[in-house]
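Visitor: Requesting a structural model of the entry that follows:
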Amino acid sequence: MPFDDLRQWIAALDRAGELKRIQTEADPILEIAEITDRVSKSKTGKPGGPALLFQNIKGHPGSQLLINQFGSDSRMKLALGVNSFDEFADRIRVFMDLKSPQGFLDKLKMLPLLTEAGKFFPKTVPTGPCKEVIKHDNFSLLDFPILQCWPQDAGRFITLPCVTTRDPKSGKRNLGMYRLQVYDKNTLGAHWQRQKVAAEHYRQALRNASTTTEGGAPPFASFAKGGNDAAVDLMARTSGGQVLSDKNHSTGRMEVAVAIGTDPAVTFSAIVPAPPDVEEYLIAGFLRAAPVELVKCETVDLEVPATSEIVLEGYVNLDELRTEGPFGDHTGFYSLEDLYPVFHVQCITHRKDPIYATTIVGKPPMEDAYMGKAVERVFLPLMRLTIPELIDINLPIEGVFHNLMIVSIRKSYPGQARKVMNAIWSLGQAMFTKVIIVVDEDVDVQNIPDVTLKVLNHIDPERDIQFTLGPIDSLDHASRLANYGSKMGIDATRKWPTEGFTRPWPDEIVMDAKTKALVDSKWKALAKELGID
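Guide: Numbering: from 1, shown residues only. Take a look at the predicted model:
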């Protein structure tokens, strides 16, 4: 059954023995983060530790804070309603494999799937629990127990927000997860990285603003012809909205809504690398097998989940950037300060006695590691749409998801590994992958010792390693420039004569079946003598 809201999810965690209530007073400045970090890395009990519900928060009497809710394999599977992540990927694959019906019987066979798919679409309802308290004024973000996680953080950060924006060109909604730095009681730094969808919505709003002015003339008429020329010029002068142009006098706005404390399906959907035309609320409906109920915001033309614990409504100005960061990030290092849009909060709605949901990131493994591994399984069938030879992928936790991807393929022609590398670098957020290793289908990419053995034995470094330049994750502090740098691909597949390899290729060492069977028949007695299981 789907979880309608965060409170049902907390109750389910409690029933499953996956939740601990913390009555000891804890400070949202650093202390809660340190407690959670110790729990998530504890060597005793289940890996990842339990979800934590802090109920005695310094400076916030009566408030509750949920953290580490997704911080284990078992909790991620509970959130997705599956026994394995592959089971979830299989569900996705069934719907993606639908073909046009060839006849009446085919159409009948499709009806159950189409009926089920009809349950996934979000629906707007008149009101919901997130409207129990509505504040147009006399509110403060500091009323909520927002964390400062690490000593050199620039301040408090909202770390688990579901951020809704609308494409100024198409009108489509997008749901993303971008950290928000608290500047004061009603302004936040909106850290949507340059290649994220919300950042593109911001750039599209800038483009729109570049084509006309209050007088109806292009704002850069002295150096451009208006229209697309002006938009191109503005993108170049602002580095895609990264800096303010001295010629940009736009006073336009882009509306933003932020939901905090959503049900687990919505929260997870906000981080899934969905295809451009698939709305995240549709993915959440797929996960829940029930539609997400949305309500209209009070002050902006956007919708948010009706059962959210907290909703922030407001806007960003197109001519306002402010320093955001540093922030202790999932790379294990502080992401550097940079300029980002300022989110002005003009209305807050929330449930009575709202539960503040948050997370911390840092050196793995932490909560985001388990979320990321679930995304990996979701991403695989989506990748196969354009890379059909793909067998499996592994994004090792220590590679913090954008630094290393290990890929196995069914190799059918010379140079195919390099084709796959370039295909991956063309796929959405996979474009950030710093190192891609491609192996043959007989290598288990989830078995790092096996991968290490095969890769290092199979490559001639000069021949099999290639470098390319392109977009780099904003969190990469080692690249030559912010957001731009080099990437490496390693072709660790067996080389063919048609790829210029004419030497003999040796057989892998494997014991013969007869001897293995003989030892198998004696193993129980041997194991007892050896004192091993």
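
Visitor: OK, contacts around the residue nearest to Lys41 when sequence neighbours are not counted?
Guide: Distances taken as C-beta to C-beta, 6 or more residues apart in numbering place Pro365 nearest to Lys41, at 6.8 Å, with adjacent residues excluded. Every residue, glycine included, has its C-beta placed from N, CA and C. Pro365 makes contacts with Ser40, Lys41, Pro47, Gly48, Ile397, as judged by C-beta atoms under 8 Å, 6 or more residues apart in numbering.

Visitor: which residues in the stretch 401-533 of the chain form helices?
Guide: Using DSSP state H, counting those that start in this stretch, the helices found in the stretch 401-533 of the chain span residues 416-424, 448-458, 461-464, 513-530.

Visitor: Please export the C-alpha coordinates of the shortest one as PDB.
Guide: Only the C-alpha atoms of helix 461-464 are listed here, as PDB (Å, rounded to 0.1, in the frame of the first residue of the first chain):
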ATOM      1  CA  PRO A 461      47.000   2.100 -21.000                       C
ATOM      2  CA  GLU A 462      48.100   4.100 -24.100                       C
ATOM      3  CA  ARG A 463      45.800   2.100 -26.400                       C
ATOM      4  CA  ASP A 464      42.800   1.700 -24.200                       C
END
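
Visitor: What is that helix packed up against?
Guide: Using 3 or more C-beta pairs under 8 Å, 6 or more residues apart in numbering; DSSP states H and E as the contact test, no helix or strand touches helix 461-464.

Visitor: what distance separates that helix from the centre of its chain?
Guide: Relative to its chain's centre, helix 461-464 lies at 33 Å (C-alpha atoms, centre = their mean, to the nearest Å).

Visitor: Likewise for stretch 258-270?
Guide: Here stretch 258-270 shows a centroid-to-chain-centroid distance of 12 Å under the convention C-alpha atoms, centre = their mean.

Visitor: Stretch 75-88 now?
Guide: That offset, for stretch 75-88, works out to 17 Å (C-alpha atoms, centre = their mean).

Visitor: Just the buried residues of that stretch, please?
Guide: Within stretch 75-88, the residues that qualify as buried are Arg75, Met76, Lys77, Leu78, Ala79, Leu80, Gly81, Val82, Phe85, Phe88, counting by 16 or more other C-beta atoms under 10 Å.

Visitor: closest to Glu462 among those?
Guide: Among the buried residues of stretch 75-88, Phe85 lies closest to Glu462 (C-beta to C-beta), at 37.7 Å.

Visitor: Leaving out the residues flanking it, which one is nearest to that closest one?
Guide: Arg377 (3.6 Å).

Visitor: count of residues packed around that neighbour?
Guide: A count of neighbours around Arg377, defined by other C-beta atoms under 10 Å, yields 21.

Visitor: Pull up the gap between it and Leu80, please.
Guide: Arg377 is 9 Å from Leu80, where distance means C-beta to C-beta, to the nearest Å.

Visitor: and what of Met421?
Guide: Counting by C-beta to C-beta - Met421 and Leu80 are separated by 30 Å.

Visitor: For Asn317, list each beta-bridge partner.
Guide: On the basis of DSSP bridges, Asn317 is bridged to Arg253.

Visitor: So it is in contact with Phe343, correct?
Guide: No: with contact defined as C-beta atoms under 8 Å, Asn317 does not reach Phe343; the gap is 9.7 Å.

Visitor: more neighbours, these two?
Guide: Shown here are Asn317 and Phe343; by other C-beta under 10 Å, Phe343 has more neighbours (28 against 15).

Visitor: so that one, which of the three states?
Guide: The three-state label given to Phe343 by DSSP: H, G, I helix; E, B strand; the rest coil is strand.

Visitor: Contact partners for it?
Guide: Counting by C-beta under 8 Å, 6+ apart, the residues that Phe343 touches are Leu180, Thr187, Leu188, Gly189, Ala190, Val256, Val258, Leu312, Gly314, Tyr315, Val316.

Visitor: for Val316, same thing?
Guide: Val316 neighbours (C-beta under 8 Å, 6+ apart): Ala190, Tyr202, Arg253, Met254, Val256, Pro341, Val342, Phe343, His344.

Visitor: Could you pick out which of the contacts of Pro365 are located in helices?
Guide: Those of the contacts of Pro365 mapping onto helices are Ser40, per DSSP state H.

Visitor: Select only the buried ones of the contacts of Pro365 in ChimeraX?
Guide: Selection of buried members from the contacts of Pro365 for ChimeraX, criterion 16+ other C-beta under 10 Å:
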select :40,48,397
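
Visitor: possible to save the contacts of Pro365 as TSV with pLDDT?
Guide: What follows is these, written out as TSV (pLDDT from 0 to 100):
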residue	pLDDT
Ser40	94
Lys41	92
Pro47	90
Gly48	92
Ile397	90
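
Visitor: if we can go back for a sec, which of the contacts of Phe343 are buried?
Guide: Leu180, Thr187, Leu188, Gly189, Ala190, Val256, Val258, Leu312, Gly314, Tyr315, Val316.

Visitor: any chance of those in a markdown table, plus pLDDT, distance to Ile158 and secondary structure?
Guide: Rendered in a markdown table, the data for the buried ones among the contacts of Phe343 read as follows (pLDDT from 0 to 100; distance: C-beta to C-beta, whole Å; DSSP: H, G, I helix; E, B strand; the rest coil):
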| residue | pLDDT | distance to Ile158 | secondary structure |
| --- | --- | --- | --- |
| Leu180 | 98 | 4 | strand |
| Thr187 | 98 | 12 | strand |
| Leu188 | 98 | 7 | strand |
| Gly189 | 96 | 10 | strand |
| Ala190 | 95 | 10 | strand |
| Val256 | 97 | 12 | strand |
| Val258 | 98 | 7 | strand |
| Leu312 | 98 | 8 | strand |
| Gly314 | 97 | 13 | strand |
| Tyr315 | 97 | 17 | strand |
| Val316 | 96 | 15 | strand |
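
Visitor: Which one of these is nearest to His60?
Guide: Using C-beta to C-beta, Leu312 comes nearest to His60 of these, at 17.2 Å.

Visitor: Check the spacing between that closest one and Arg410 real quick.
Guide: Leu312 sits 47 Å away from Arg410, going by C-beta to C-beta.

Visitor: ditto for Phe121
Guide: Taking C-beta to C-beta, one finds Phe121 at 36 Å from Arg410.

Visitor: Same question for Trp9.
Guide: Trp9 sits 39 Å away from Arg410, going by C-beta to C-beta.

Visitor: Contacts only, for Asp383.
Guide: Quick fix: residue 383 is Met, not Asp. By C-beta under 8 Å, 6+ apart, the residues touching Met383 are Leu390, Ile393, Ile424, Leu427, Ala430.

Visitor: For stretch 410-429, measure first residue to last.
Guide: Using C-alpha to C-alpha, to the nearest Å, one end of stretch 410-429 lies 23 Å from the other.

Visitor: Check stretch 24-31 too.
Guide: For stretch 24-31, the end-to-end distance is 11 Å (C-alpha to C-alpha).

Visitor: what's in contact with that stretch?
Guide: Contacts of stretch 24-31 (C-beta under 8 Å, 6+ apart): 32, 35, 54, 56-60, 65, 145-151, 156.

Visitor: Which ones among those residues lie within strands?
Guide: Phe54, Leu65 (DSSP state E).

Visitor: ok, of the contacts of stretch 24-31, which come out buried?
Guide: Applying 16+ other C-beta under 10 Å to the contacts of stretch 24-31 flags 32, 35, 54, 56-57, 60, 65, 145-150, 156 as buried.

Visitor: export those to JSON lines and tack on pLDDT and distance to Arg463?
Guide: Converted to JSON lines, the buried ones among the contacts of stretch 24-31 look like this (pLDDT from 0 to 100; distance: C-beta to C-beta, whole Å):
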{"residue": "Ile32", "pLDDT": "97", "distance to Arg463": "51"}
{"residue": "Ile35", "pLDDT": "97", "distance to Arg463": "50"}
{"residue": "Phe54", "pLDDT": "98", "distance to Arg463": "55"}
{"residue": "Asn56", "pLDDT": "97", "distance to Arg463": "61"}
{"residue": "Ile57", "pLDDT": "97", "distance to Arg463": "58"}
{"residue": "His60", "pLDDT": "97", "distance to Arg463": "60"}
{"residue": "Leu65", "pLDDT": "98", "distance to Arg463": "54"}
{"residue": "Pro145", "pLDDT": "98", "distance to Arg463": "56"}
{"residue": "Ile146", "pLDDT": "98", "distance to Arg463": "52"}
{"residue": "Leu147", "pLDDT": "98", "distance to Arg463": "49"}
{"residue": "Gln148", "pLDDT": "97", "distance to Arg463": "49"}
{"residue": "Cys149", "pLDDT": "97", "distance to Arg463": "44"}
{"residue": "Trp150", "pLDDT": "97", "distance to Arg463": "43"}
{"residue": "Arg156", "pLDDT": "98", "distance to Arg463": "51"}
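
Visitor: All set, thanks.
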